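Participant: One predicted model, sequence on top.
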Amino acid sequence: VQLVESGGGLVQPGGSLTLSCAASGFTFSRYAMHWYRQAPGKEREWVATISSATSSTDYRDFAKGRFTISRANAKNTVYLQMNSLEPEDTAVYYCNARRDGGYDYWGQGTQVTVSS
């Protein structure tokens, strides 16, 4: 099982980034996919979720209206499009795959830095 995030980097305030998470080793379409983030000195926090069956989405308040989670089951990939980025969005962003039965997988994370 592998989850590999990519797309992080340095961006100026107000800018945009799109993160990708490529999955392998499990049946991607059966898993709800989540993005989390962890800023320096803070606990990891949930950002967004996309369901397996209907691709319904849910967002933390700070992400609503700025971030969009999507998935491409044919590519075994989940995305997080982030707009209007703020310095407070600086964190390591993690991809998570989860389904009933205790199946819970994490990626290694990708760094997002928002700074001028």
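Facilitator: Perfect, I can see it now.

Participant: so residue 77 sits right up against residue 71, yeah?
Facilitator: Yes: proximity of residue 77 to residue 71 meets the contact threshold set by Cβ atoms under 8 Å, at 7.0 Å. (Each C-beta comes from the backbone N, C-alpha and C, glycine too.)

Participant: between those two, who's got more neighbours?
Facilitator: The residue with more neighbours, out of residue 77 and residue 71 and counting by other Cβ atoms under 10 Å, is residue 71; that gives 22 against 18.

Participant: quick one: low-confidence ranges for this protein?
Facilitator: By pLDDT under 70, the chain contains no weakly predicted segment.

Participant: host element of the residue most central in space within it?
Facilitator: Central residue of the chain (Cα atoms, centre = their mean): residue 35, 3.0 Å from the mean position. Element membership of residue 35, judged by DSSP states H and E, is strand 32-38.

Participant: Please name every helix or strand in contact with that strand.
Facilitator: Other helices and strands packing on strand 32-38, by 3 or more Cβ pairs under 8 Å, 6 or more residues apart in numbering; DSSP states H and E, are strand 17-24, strand 45-50, strand 67-72, strand 77-82, strand 91-99.

Participant: Residue 31 is nearest to which of these?
Facilitator: Each of the helices and strands packed on strand 32-38 has some distance to residue 31 by Cβ to Cβ; the shortest is strand 91-99, at 4.3 Å.
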